[in-house]
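> Next input, structure requested:
(6 chains)
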There are 6 protein chains.
Amino acid sequence: MTTLPETFFRAGQRASDALRPVRLTPDFVATAEGSVLIEMGQTRVLCNATVEQGVPSWMRNSGRGWVTAEYGMLPRATLTRTARESERGKVGGRTHEIQRLIGRSLRAAVDMQALGERTVILDCDVLQADGGTRTAAITGACAALALALNRMLATGALKKQPLRQMVAAVSVGIVQDTVLLDLAYEEDSQADVDMNVVMTESGALVEVQATAEREAFPRARMNAMMDFAEQGIRQLFEAQRRMLEEAAAR
Amino acid sequence: MTTLPETFFRAGQRASDALRPVRLTPDFVATAEGSVLIEMGQTRVLCNATVEQGVPSWMRNSGRGWVTAEYGMLPRATLTRTARESERGKVGGRTHEIQRLIGRSLRAAVDMQALGERTVILDCDVLQADGGTRTAAITGACAALALALNRMLATGALKKQPLRQMVAAVSVGIVQDTVLLDLAYEEDSQADVDMNVVMTESGALVEVQATAEREAFPRARMNAMMDFAEQGIRQLFEAQRRMLEEAAAR
Amino acid sequence: MTTLPETFFRAGQRASDALRPVRLTPDFVATAEGSVLIEMGQTRVLCNATVEQGVPSWMRNSGRGWVTAEYGMLPRATLTRTARESERGKVGGRTHEIQRLIGRSLRAAVDMQALGERTVILDCDVLQADGGTRTAAITGACAALALALNRMLATGALKKQPLRQMVAAVSVGIVQDTVLLDLAYEEDSQADVDMNVVMTESGALVEVQATAEREAFPRARMNAMMDFAEQGIRQLFEAQRRMLEEAAAR
Amino acid sequence: MTTLPETFFRAGQRASDALRPVRLTPDFVATAEGSVLIEMGQTRVLCNATVEQGVPSWMRNSGRGWVTAEYGMLPRATLTRTARESERGKVGGRTHEIQRLIGRSLRAAVDMQALGERTVILDCDVLQADGGTRTAAITGACAALALALNRMLATGALKKQPLRQMVAAVSVGIVQDTVLLDLAYEEDSQADVDMNVVMTESGALVEVQATAEREAFPRARMNAMMDFAEQGIRQLFEAQRRMLEEAAAR
Amino acid sequence: MTTLPETFFRAGQRASDALRPVRLTPDFVATAEGSVLIEMGQTRVLCNATVEQGVPSWMRNSGRGWVTAEYGMLPRATLTRTARESERGKVGGRTHEIQRLIGRSLRAAVDMQALGERTVILDCDVLQADGGTRTAAITGACAALALALNRMLATGALKKQPLRQMVAAVSVGIVQDTVLLDLAYEEDSQADVDMNVVMTESGALVEVQATAEREAFPRARMNAMMDFAEQGIRQLFEAQRRMLEEAAAR
Amino acid sequence: MTTLPETFFRAGQRASDALRPVRLTPDFVATAEGSVLIEMGQTRVLCNATVEQGVPSWMRNSGRGWVTAEYGMLPRATLTRTARESERGKVGGRTHEIQRLIGRSLRAAVDMQALGERTVILDCDVLQADGGTRTAAITGACAALALALNRMLATGALKKQPLRQMVAAVSVGIVQDTVLLDLAYEEDSQADVDMNVVMTESGALVEVQATAEREAFPRARMNAMMDFAEQGIRQLFEAQRRMLEEAAAR
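The predicted structure is shown next:
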């Protein structure tokens, strides 16, 4: 574990409240109903939306839909190779925790009545990992979901837009007593506190997860982190909007 | 799913900011190094602390200890029987998420250097479930951990107390636009927002997880929920302290 | 492994043909149809009966019911922690053997025609283990089953009592050439022969399992062990009866 | 399920206390240290003994050996195909129960000190199943073990015979109120009581398992079944002895 | 690994283009619809055909049948014991590869329309392994399949023979620059190239798999290996035919 | 399943002996020692090489290295979503077959003595699947392996190039009696015969797998397919060489 220099500068002179460069590429694969590659700096997550007829058995005949997510990491997304969960024969705790977070976040964005008895699966696969993969997955998955649903509206497969509003997410942390937005891996591994925030376009909170990795923290710090998160997420909504407009214009 | 009456009263006339009756029974089993049965109303969780020599391989020769948790639910802790995870051959996502939360929360309470190369496993098994099992597990597990470590100090197996301070946890939620402390199952299934807060005795935050189950929520509501949580947790610290004093007095 | 003293005295001056103190607590959990905590000395097993509509597919439309059992041990039921079977991803051979024994024993007590197409699952979870957990589980599970079925008769859900007669079980062994009733863990680990006997109230045998752990044994010894078992089991029927009367009186 | 005729005759006019034709073929495979195909009527079990250096970790440096067994059934050993346990990804309860019984029975026959730190694995694979596969496996496995150990004595790999005495096993049951020795599948499926007995050459008991499949049974019946078992097992010792003599003569 | 002598002679003076002694025993078990034990020298594989009503869900209502295979090896088929896949909880890569090869080869021999909506499962279990088990399994499985289908035709259960033609298979390899037919284990472990060829009676190819174990090989060598394979397989068809005639004559 | 038109034209007027457009992108991820994205038309496979110290236990102290491969498919690489093998808890037969093929092919290219006691793992993950993923994986994995080893030579971590020569692979098939090179998914699903050929730069064969999907085929056809494969693979070596030169020039 590298020790940060006493005076701490972020890579590339990034300001403490600045996002890494964000890029959303629509239709990264041609096979999915909605496909977006999201890049936050070196972090790259491929988010694919699948829309299937039918819902899990416990929801049948409710007239309502379901949204769920799966998260995976390619073995060499990381600097040292991570063994495949398929080879180990089970999905690990970290994966479970992350895909449950993504699923909950996206469900908060969708009108299940308007979706009807369909299941949307959001596959988020990390091609390269440099911190913040779960929040990037949420932002990218919502964009992939929007692509898929917009097309279903365009073809008439859906009558009403089930996406009530976009959601996006970012991480914030405290490193050496400084609040930092959108932590890269190196920063994350030095953080005393790590927080993930998921918001809607209207500024309401969908999910807040703050964890003291090393030091418990006062409420005042949590508020400061929330401020950083809010302004970062606003930029992510901007990036989603631009991508969707470009995709619609094609 | 039952619909709550229009004017909403909590079971037993409980006030919106009141905990359910809390009881911590030390030494519920005689076989563990530290054992506590925690009851929050009808919720009953057996928390047992195991102290083993040695640490996972990636920590060896660091001179530091490790704290981890496992969470389980007896099949009939719930009104309709839940299949055993051992029979299904794998640990589910909910279980993974909860035991990771318990583990992180407890690690924040422990000075790993003072613990030395030992592993503490906190087994939290739900005997009866009526909402709030994960927060009860944290409060009970910290008490069981304290019992175990106090005894090791008393026998000289430990030189220095590794428990830096107690942690405790509670849930808060929003039901029918009302903030409620310590949700029972019936209330939880009606909640628009569900939040779990883990704090230290000094009032610092260890973990905050707020989730919009139905409706995204503004920051103001989150602050109100935090206020409820803080005062509830203070009572839990009181209950832990009384139990530890009684156990010491025997 | 401790060596027994040359002249062998049982803990607490227990006579060779004496049971440990037996206690059956009805309704230990409020969530199950029938719930009994059975204690045989330090051994404590929570037995919960679940009655579900329907039977396994191979029995459908037979008009007959099914009774099955599952057995588990909490990690700290034992002095050194036992890993969870859910974490190891499979149910072990010992668990399989025990839960098959419990299931067979209970099925012998039930009139499947009178039960109708219902499945009863008896969950036997060991909270604290000091030998004889499988026989305690049988005695406790039959009591939990009786509680559940009595209530169904009382509410009219059942027309006819499906429980033909109670069953109960005890272990007997040979330690240092002496026949001992109801072995505690310490005794069991010294035994040359270990036998489990399951009987009905009318004194008929349901299951006999005798195993030479160290030394093969002559039929005469087996007969002596059977005599001990019979008189021990009669006391267990007494304990079951008292508990059921008290539960009915409430 | 076929109903037996009112007056019950066994297939081939077999007397109630008669074994089916028994055949033990040594060296059925050339690859194992000891290999025996045992046939009891239509039941055919291939028993192979493997002797490996070393013992499980919990026995290391004890100077003592270990004996264990594994049991399997080829998919078409049965009239309707049974799915492979490897495909289902886990060993079932019945298999666990049987291989534990075989292992315990064989361990009772072996002087672990004389075996030294070696592990013997007895693989019992059913090629064709017509009832009594577990008892046939015990009788055949002991013969395969004897073959393997005799050869190790002959080559000097062992100084002292670890096999203290032979063990053999047979089933007995009660069908239509009649005690029958060595049940075939058709008889077993009609049995009210089913018993497996494992004995040593000196007539001592190693394992007795009696189960009321339909009706609990009085001790008098158990004694009658034991008598049948004893005389049946004596014939099996004869068959083992003949096979070993022939194998030694080659 | 043994090194072959400089001048290489095959065991038993076998010529480079000679098969090992081939034997097919029909009805090795009485329980299967078609059963053949195939022996190629010391290699012995039990091939059992099961015919079940119905097809996998993705084929339903197609009017067509399905043929599949499973392959297993008894633990002591090999000189050093191989752990059971059921104990390891998963089917290994080698097993998967082999059973897929067998299944594909047999499907090529069957008219699925004539089979109708039935599934044939070919269980190939190796009792003793001395090289060439997968090709022996194909040759034996086709014979077992023919036995089963011939009987169904004889009883009128089938109207039309679904077996279009027999298939058989053999291995060929290059050892010390010499092409050798039907490699035994010892030869196989020295081979630079290993090839498996599956053919129909009419001489057409069903499957060719050639692998450079040590040295890549020119096309000319592949042609030489194909020549050896063709003449070897013709002898296998002869053996299948003789066995089927004898079985029919009984 | 679409039926091909009577006169068969390939997509984009591709000639029967033409490859689809081939593209190899080096360093697609920055985290792996060697990383190549290979595209053959719409088929896109990410091939990452990991070089680890040490070898599997059965090779230790041999002074030789080991090369292995793992193959995966993202859920939406296909037009209808494929369930994750990690969720199903086991690696399927097709995956096993493919990764064993890739591993064998690459091992044939490497001088294990020169590699020393290192393990190279080639992760081949399909981002988009349109037929020929296993052969694309071999061609891409060899390029990723070359990138990794060249860098180790450049830094002096290796003294001698372990890559003896490049390997590459292509598929050929027979569709409507016409030999076609490099089948796309649509063509593959119509093919009567499907063949995969792996070759070295010197034109020697590493692996040949020909399978009759519908019709057994004569040797003459196999020869014609081999001719197509040879000329296709020569173009793939060209593409590998260009990519390696460009990567070296940077």
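> Next, name the residue at the spatial heart of chain A.
A:Ile138 (1.9 Å; CA atoms, centre = their mean).
> Could you report the distance from it to B:Arg104?
Distance of A:Ile138 to B:Arg104, given as CB to CB, to the nearest Å: 20 Å. C-beta: built from backbone N, CA, C; applies to glycine.
> Show me what residue of chain A gets nearest to chain D.
Closest residue of chain A to chain D, CB to the nearest CB: A:Gly89 (8.6 Å).
> Surely that residue touches F:Lys90?
Yes: the pair A:Gly89 / F:Lys90 is scored as a contact, 6.0 Å apart, by CB atoms under 8 Å.
> shared neighbours, these two?
The contact sets of A:Gly89 and F:Lys90 overlap at E:Lys90 (CB atoms under 8 Å, 6 or more residues apart in numbering or on different chains).
> picking up where we left off before, for my notes, confirm the residue nearest to the centre of chain A occurs in a helix.
Yes: counting by DSSP: H, G, I helix; E, B strand; the rest coil, A:Ile138 is located in a helix.
> For it, report the pLDDT, please.
On pLDDT, A:Ile138 comes in at 98.
> what's the answer for the one 5 residues further on, then?
Per-residue confidence (pLDDT) for A:Ala143: 98.
> Name the SS class of it, please.
Strictly by three-state DSSP, A:Ala143 counts as helix.
> And A:Val206, by the same measure?
State at A:Val206, reduced to three classes by three-state DSSP: strand.
> Is it in contact with A:Val167, as I believe?
Yes: the criterion here is CB under 8 Å, and A:Val206 meets it with A:Val167 at 5.6 Å.
> one step back: how many other residues sit next to the residue of chain A closest to chain D?
Neighbourhood size, A:Gly89 [other CB atoms under 10 Å in any protein chain shown]: 19.
> Likewise for A:Ser62?
A:Ser62: 12 surrounding residues under other CB under 10 Å.
> next one: A:Gly103
Close neighbours of A:Gly103, defined as other CB under 10 Å, add up to 22.
> who touches it in this structure?
A:Val67, A:Thr68, A:Ala69, A:Leu122.
> Format these as TSV; extra columns: distance to chain C, secondary structure and pLDDT.
Listed next are these as TSV, based on distance: CB to the nearest CB, whole Å; DSSP: H, G, I helix; E, B strand; the rest coil; pLDDT from 0 to 100:
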residue	distance to chain C	secondary structure	pLDDT
A:Val67	28	strand	97
A:Thr68	23	strand	97
A:Ala69	24	strand	98
A:Leu122	27	strand	98
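> does the lowest-mean-pLDDT helix or strand in chain A come close to chain C?
Within chain A, no helix or strand scores below helix A:85-88, which has a mean of 89 by mean pLDDT, DSSP states H and E. No: using CB under 8 Å from any CB of the partner chain, helix A:85-88 stays clear of chain C, coming no nearer than 10.1 Å.
> got the buried residues for the helix or strand following that helix?
The C-terminal neighbour of helix A:85-88 among helices and strands, as given by DSSP states H and E, is helix A:93-107. Residues of helix A:93-107 classed as buried: A:93, A:95-107 (neighbour count, 16 or more other CB atoms under 10 Å in any protein chain shown).
> which one of these sits closest to chain F?
Among those, and counting by CB to the nearest CB, the member closest to chain F is A:Thr95, at 7.8 Å.
> Now for that closest one: which residues touch it?
By CB under 8 Å, 6+ apart, A:Thr95 lies in contact with A:Tyr71, A:Gly72, A:Met73, A:Glu85, F:Ser86.
> which of these tops the neighbour count?
Taking other CB under 10 Å as the neighbour criterion, A:Tyr71 ranks highest of those with 27 neighbours.
> Who are the contact partners of the closest residue to A:Gly89 other than its chain neighbours?
Distance criterion CB to CB, 6 or more residues apart in numbering or on different chains; nearest residue to A:Gly89, sequence neighbours excluded, is F:Gly89 at 5.3 Å. Applying CB under 8 Å, 6+ apart to F:Gly89 gives the contacts A:Gly89, A:Lys90, B:Gly89, B:Lys90, D:Gly89.
> from those residues, which is closest to A:Asp27?
Set against A:Asp27, the nearest of those by CB to CB is A:Lys90 (32.9 Å).
> So the closest one sits against B:Arg88, correct?
No: the pair A:Lys90 and B:Arg88 fails to qualify as a contact (CB under 8 Å) at a distance of 11.2 Å.
> which of the two has more neighbours?
Ranked by neighbour count (other CB under 10 Å), A:Lys90 and B:Arg88 place A:Lys90 first, with 18 against 11.
> that older thread, any chance you could list residues touching both of A:Val206 and A:Val167?
A:Ser105, A:Ala108, A:Ala109, A:Val198, A:Met199, A:Thr200.
> between those residues, which is nearest C:Leu183?
Of all the shared contacts of A:Val206 and A:Val167, A:Ser105 has the smallest distance to C:Leu183: 55.4 Å, by CB to CB.
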